[in-house]
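> with the input below, show me the fold.
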Amino acid sequence: MDVDLDQHGRRTAWLTARLCVVLDVPANESRDWAVAALTHDIGKQDVPQELLDRPGSLDPSERRVVQQHCIAGAKRLVARAWPDGEDTTTADVAVALSHHEWWNGQGYPFGLARTAIPRCARVVAVADVLDALTSVRAYKAAWSVQAALEDIVARRGTQFEPDCVDALQDIARTLRGDWQARAQAWGFQLSLELSRLARTTATVDGTCASA
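Numbering: from 1, shown residues only. Here you go, the predicted structure:
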């Protein structure tokens, strides 16, 4: 994965895990949702970089190309899933596909609204935007946590589920100045754990196949 997308995914995963604690999401689901957050933007690998970095507004056709990253990401995740595995990619695919849906139905790619949007995607959505706003991009400087939080709160009940925004406000009060570095390190460890698990599974499956 692209370095920027990879690091953004790790920080979003960390924020997602903390949101899940505040929202009383069961531990097994919390882990699945954090893992899903790692790859929520994987479909951007299929979008021309010049569009992702464009400092100005996109025209309607360009905007449609960028918005296709949700469907492209879901397809990538389905394609790489282990066949007949015990673990499913349900949360991964749901998050990649639906993290730009809006609570009021004005999002994309399908215009889902309220609880028609998978809950995992509703949680990741606020984590995604907080990290995106507080990170440097080719087209903008990093915002402060306070400025980003104010922007997200202004979209409470329109773009974002109110409960998720309230949970984000709760964890924002305890964010340290080095939270992004800590989040990235935590996400990196999660990625390593998943890589080790994948290698172990591949070895076991290979052994079984040759037996």
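
> which residues touch V95?
For V95, the contacting residues are W33, A36, A37, T39, H40, P118, C120, A121, V124, taking C-beta atoms under 8 Å, 6 or more residues apart in numbering as the criterion. All C-beta spots, glycine's among them, are computed from the backbone N, C-alpha and C.

> now V165: closest residue in space, sequence neighbours ignored.
Leaving aside its sequence neighbours, V165 sits nearest to R156 (C-beta to C-beta, 6 or more residues apart in numbering; 4.2 Å).

> which ones are touching that neighbour?
P162, V165, D166 are the contacts of R156 under C-beta under 8 Å, 6+ apart.

> report the distance from the helix or strand hosting the second one to the chain centre.
So the one you mean is V165. Secondary structure assignment for V165, by DSSP states H and E: helix 162-172. On the basis of C-alpha atoms, centre = their mean, to the nearest Å, helix 162-172 is displaced by 16 Å from the centre of the chain it belongs to.

> what's the answer for stretch 119-130, then?
The answer for stretch 119-130 is 7 Å, by C-alpha atoms, centre = their mean.

> for stretch 48-61, same thing?
With C-alpha atoms, centre = their mean, you get 20 Å for stretch 48-61.

> same check on stretch 47-55?
A distance of 19 Å separates the centroid of the chain from that of stretch 47-55, by C-alpha atoms, centre = their mean.

> skipping its backbone neighbours, what lies nearest R137 in space?
Of all residues not flanking R137 in the chain, D53 sits nearest, at 7.5 Å (C-beta to C-beta, 6+ apart).

> surely that neighbour and A138 touch.
Yes: proximity of D53 to A138 meets the contact threshold set by C-beta atoms under 8 Å, at 3.8 Å.

> for R31, give me its contacts.
Contacts of R31 were listed using C-beta under 8 Å, 6+ apart, and they are A17.

> can you pull the phi/psi pair for it?
Comment: the main-chain dihedrals of R31 come out as phi -60, psi -50, following degrees, to the nearest 10.
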